[in-house]
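In: Whatever this is, show me its structure:
(chains A and B)
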Amino acid sequence: MSEERPLVKFENVQKSYDGEILVVKDFNLDVAKGEFVTMLGPSGSGKTTCLMMLAGFEPTTNGTIYLKDKPINNVPPHKRGIGMVFQNYALFPHMTVAENLAFPLEVRKMGKEERERRVNRALDMVQLGEFGNRRPMQLSGGQQQRVAVARSLVFDPDLVLMDEPLGALDKNLREQMQYEIKHLHEQLGLTVVYVTHDQTEALTMSNRIAVFNDGVVLQCSSPEALYEKPENAFVANFIGENNRLMGAVEAINGKQVTVKTDSGDIVIATKANVNAVGERTTISLRPERIVVAPKAGTIPNSYSAKVEELIYHGDHIRTRFSVCGHDDFIVKIPNSIDNVSLKEGKQVNIGWMSEDCLALDG
Amino acid sequence: MSDTSTINSQGQLLTSDGVPLKDSLRKSLRRTKIRSFLLIIVPLLFLLIMFVVPIGTLLTKSVDDTSINTVFPKTFAQYELWEDKSILPSEEMFAAVINDIRITHKMENSEGKNIGKNLLGKAGTRMTYEFSGWRSLLLKTVKEATKVDKKSKEVIKPYVLEAPYKEKMIKRDKRWGKVEFWQSMGAMKDPYTMGYYLNAVDLRYDANKNIIQKNEYLKIYKTIWMRTLQVSLIVTLACLFLAYPVAYLLATLPMRASNLLMICVLMPFWTSLLVRIVAWMIMLQQNGVVNDTLLTILPCFEGALNFPFIGETFIDLCFGEEDRLPMMYNFTGTIIVMTQVLLPFMILPLYSVMKGVPPSYMKAAQNLGATPTWAFIKVYMPQTVPGIGAGCILVFIVAIGYYISPELVGGKDGLMIGNFVAREMQQTLNWGLAAAMGALLLTAVLALYWAYDRLVGLNNLKMG
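Out: Next comes the predicted model:
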């Protein structure tokens, strides 16, 4: 894919609404054909603004957006040929489902037979073959969602944008729709730019995720890389659950960093985003990578911890320890027979491999 | 979980203590029902006393003819026996009239006070509506018929006028010899009449109570009804065209600008109607602002020009004193003023509907390839139909019964039915006719409502 020209290219894009604050600061992103790219970030981080600029509803303040190597800054939305699924679906309430789907085809002056063929194909694609004559209001949330997806695909756009399309659905339906959209993407070879603030959604569906905060992309990489190798504390914290220990760098030894935490404990961590001895650092640890009562000598980092709270979660027990001066250190302990002996107030040793903890920016 | 509810012999569901579930539910809801009823009882009574009762009473006046029937029972009985209504009735009928007059003249109420003279006066007024001249004829005859011979020594002094009456009555007033007067009684002989309604639409009863057209020179109301409809329609359409862009701006502009615009819309709404009408008078009259401005700014060219091919042509392009546009005290004036006055009634419902149309629809339509104009026509406008309907109905209903503006600026050819209702109420005192016209207006409005319900559905109506 890397040799092909990217389908979409954001080049130094900036956006300001009032001329005082930049909502998007120097945004650069390439989307290859067939890729599923997610823009992830808390609300107000500029991700939807980027999507709206791509769709043509917001002008860029500075920089250029390319679609198939052509700058599209001055192309009005209706000439961009980009499909879009809106947050609240934006299905036209005065038209039936089939009329909704036929709308983009009618606008393109397609013949009646061709129109019907395509509408039926799109409806079958989302398993709503019999619902063509219903009004959108007569459908359930999940069905409306599918119609919206079908409508964005019916005119074979080069690119499909989705703006938090699953936000209004309940949890089960949301998960189901995640898979359906993912399958559609794979089957049809679609190029999708997806916006969400839900990190699980992003991890499940995407080829690549761009994590936004405050108008800046902090990291843009595959879900695995984001989770396993976050480049900074914000990403580590935003993606998945995360324990943090604050401290200062004592020594750097190749890939390994020795950190003295604020409580005075020494932690051997993996170097990720620190450069010099004496720098402040945040050590990031995934709750599922922590070992309770490790065998002595097998693990470089081992500390005495007190069990503060046990929360039963079915498949795992969420345990809150106080260790290294933190009393909100979360460990996910698998619900197996060996681990039922933990009681609140008990002292145990916990530890972790140095590969599993990353020394990030302070 | 097991089903603990039980069912009695009639198949009703019972609660745990054996009371039918329905009764139990009703009992538990009764308190709330009583409380909510007590809350609405005051406005309900107000509505009943201030609205339903007066309107109902007035509407009964449009068909009520009992008063004249208590005055002339024998006459109307004789009228039924009158066979050939193209020749004068027989002596019996003349006698019945005199008898009825004499009986009514002495009529007393329960307190012993004479009400007969008053009744005869009212009867005269009522009869004049059917045929002009009746009132003076009746009052003159009452005087003559009830004159008694004062020189007589008898206890009950005899009347001066004695039978046979026919010849004497015609001799004293030749109107009694005109068959038209007698024929007009046919319209009054039943205690309930549709006569006022017929009158309101330029029809009348003939002697045999068949419905016929009025004489051509008496036909006035049909023109007025048509004009009322015409004015209401033009005003409604004009309001729609003017209000739609304003409402769209109100709904889409940023908060600050739209608030300012809203004040501009509401400011005239809060201003006294009279002030606004007078302002229009100043603007539109013959020597008003608009005409003066036109006179000043329009170029004046008068003279001969030599055109190629056409040759020398005389051109008069002057907007002179004699060209001043008549825009006040006529049809145009009524339209202009009513449109301005009723505009908010169109803007507000439209605005409330447009406010509820999410901007994402327009975006979606454009994203799907529609030009902004096409998206507006195909996606935005259909969703404002409830607002269009509500605004049009509201403006039309208010316009159809409008009275003040046409009265002040309508001149002669801008008057509407409302002005005639007022005229009948205040000047002619023909309340029956006024009530009939009012009832017809009410029917028109209800019919409109019904039609709207059929076409669009009343639950789609959004009044703002």
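In: What's the local residue count around residue 336?
Out: Defaulting to chain A. Here the number of neighbours of A:Ser336 (other CB atoms under 10 Å in any protein chain shown) works out to 9. Quick note: C-beta positions are derived from backbone N, CA and C, even for glycine.
In: Actually, chain B is the one I wanted.
Out: Number of residues near B:Ile336 (other CB under 10 Å) recorded here: 19.
In: What of B:Arg26?
Out: For B:Arg26, using other CB under 10 Å, the count is 11.
In: Could you do the one 10 residues further on as well?
Out: Applying other CB under 10 Å, we find 10 residues neighbouring B:Ser36.
In: Need the three-state assignment for it.
Out: Following DSSP: H, G, I helix; E, B strand; the rest coil, B:Ser36 is assigned to helix.
In: same deal with the one 3 residues further on?
Out: Three-state call for B:Leu39 (three-state DSSP): helix.
In: same deal with A:Thr64?
Out: Per three-state DSSP, A:Thr64 ends up strand.
In: isn't B:Met188 right up against B:Glu130?
Out: Yes: using CB atoms under 8 Å, B:Met188 is in contact with B:Glu130, at 6.3 Å.
In: list residues touching both of those two?
Out: B:Gly195 (CB atoms under 8 Å, 6 or more residues apart in numbering or on different chains).
In: Neighbour count for these two, which is higher?
Out: Comparing B:Met188 with B:Glu130 by other CB under 10 Å, the one with more neighbours is B:Met188, at 26 against 21.
In: ok, that one - contacts?
Out: B:65, B:68-69, B:72, B:76, B:126-127, B:130, B:195.
In: Could you do B:Gln230 as well?
Out: With CB under 8 Å, 6+ apart, B:Gln230 has no contacts at all.
In: Return the backbone torsion pair for it.
Out: B:Gln230 adopts backbone torsions of phi -60, psi -50, taken as degrees, to the nearest 10.
In: where's it relative to B:Ile310, distance?
Out: 41 Å (CB to CB, to the nearest Å).
In: Quick one: name the residues of chain A near chain B.
Out: Within chain A, the positions near chain B by CB under 8 Å from any CB of the partner chain are A:55-57, A:76-84, A:86-88, A:90, A:92-94, A:103-104, A:107-108, A:151, A:155.
In: So which of those are in strands?
Out: A:82-84 (DSSP state E).
In: residue boundaries of the helices in the stretch 351-464 of chain B?
Out: For the stretch 351-464 of chain B, helices defined by DSSP state H, counting those that start in this stretch occupy the ranges B:360-367, B:372-375, B:381-383, B:385-400, B:404-409, B:417-423, B:431-455.
In: hang on, the earlier thing: most neighbours of all the ones in strands among the residues of chain A next to chain B, which one?
Out: Neighbour max across those (other CB under 10 Å) = A:Met84, 30 neighbours.
In: and that one, what is it in contact with?
Out: Applying CB under 8 Å, 6+ apart, the residues near A:Met84 are A:55, A:152, A:160-163, B:364, B:367.
In: One more: B:Leu294?
Out: Contacts of B:Leu294 by CB under 8 Å, 6+ apart are B:319, B:324-325.
In: which of those lies closest to A:Phe212?
Out: B:Leu325 (63.6 Å; CB to CB).
In: tell me the phi and psi of that closest one?
Out: phi -80, psi 130.
In: ok, and the closest non-adjacent residue to it?
Out: B:Asn291 (6.1 Å; CB to CB, 6 or more residues apart in numbering or on different chains).
In: what's near enough to touch the one you found?
Out: Applying CB under 8 Å, 6+ apart, the residues contacting B:Asn291 are B:284-285, B:324-325, B:327.
In: for it, helix, strand, or coil?
Out: helix.
In: gap between it and chain A?
Out: 46 Å (CB to the nearest CB, to the nearest Å).
In: quick one on the thing from earlier: from the contacts of A:Met84, which land in helices?
Out: Those of those mapping onto helices are A:55, A:152, B:364, B:367, per DSSP state H.
In: I'd assumed A:Arg80 was in contact with the first one.
Out: Yes: A:Ala55 is in contact with A:Arg80 according to CB under 8 Å; the separation is 7.1 Å.
In: what ranges do the helices span in chain A?
Out: A:47-55, A:97-107, A:112-125, A:141-153, A:171-188, A:199-205, A:223-228, A:233-238.
In: Contacts made by the second one with the rest, please.
Out: Helix A:97-107 is touched from outside by A:78, A:91-92, A:95, A:114-116, A:118-119, A:122-123, A:128, A:131-136, A:139, A:147, A:150-151, A:154-155, B:365, B:368-370, B:374, B:378, with contacts defined as CB under 8 Å, 6+ apart.
In: For ChimeraX, write a command that selects the buried ones of those residues.
Out: Buried members of the contacts of helix A:97-107 can be picked out in ChimeraX with the line below, counting by 16 or more other CB atoms under 10 Å in any protein chain shown:
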select /A:78,91,92,95,115,116,118,119,122,123,128,131,132,135,136,139,147,150,151,154,155 /B:365,368,369,370,374,378
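In: thinking again about what came up before, of all the contacts of B:Met188, which two lie farthest apart?
Out: Pairwise over these, using CB to CB, the maximum falls at B:Phe72 and B:Gly195, 15.3 Å.
In: next one: stretch B:57-75 to chain centre, how far?
Out: 22 Å (CA atoms, centre = their mean, to the nearest Å).
In: Quick one: mean pLDDT for it?
Out: Stretch B:57-75 shows a mean pLDDT of 90.
In: With just CA atoms, put it into CSV.
Out: In CSV, the C-alpha atoms belonging to stretch B:57-75 read as follows (Å, rounded to 0.1, in the frame of the first residue of the first chain):
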residue,chain,number,x,y,z
THR,B,57,-77.0,32.8,22.3
LEU,B,58,-76.0,35.0,19.5
LEU,B,59,-76.1,32.0,17.1
THR,B,60,-79.6,31.1,18.1
LYS,B,61,-80.6,34.7,17.1
SER,B,62,-79.7,33.8,13.5
VAL,B,63,-82.6,31.3,13.2
ASP,B,64,-85.0,32.6,15.9
ASP,B,65,-88.3,34.0,14.7
THR,B,66,-90.5,33.2,17.7
SER,B,67,-91.1,36.8,18.6
ILE,B,68,-93.1,37.7,15.5
ASN,B,69,-95.0,34.4,15.8
THR,B,70,-96.3,35.4,19.2
VAL,B,71,-97.6,38.6,17.7
PHE,B,72,-99.3,37.2,14.6
PRO,B,73,-100.5,33.7,15.3
LYS,B,74,-104.0,34.1,13.7
THR,B,75,-102.6,35.9,10.7
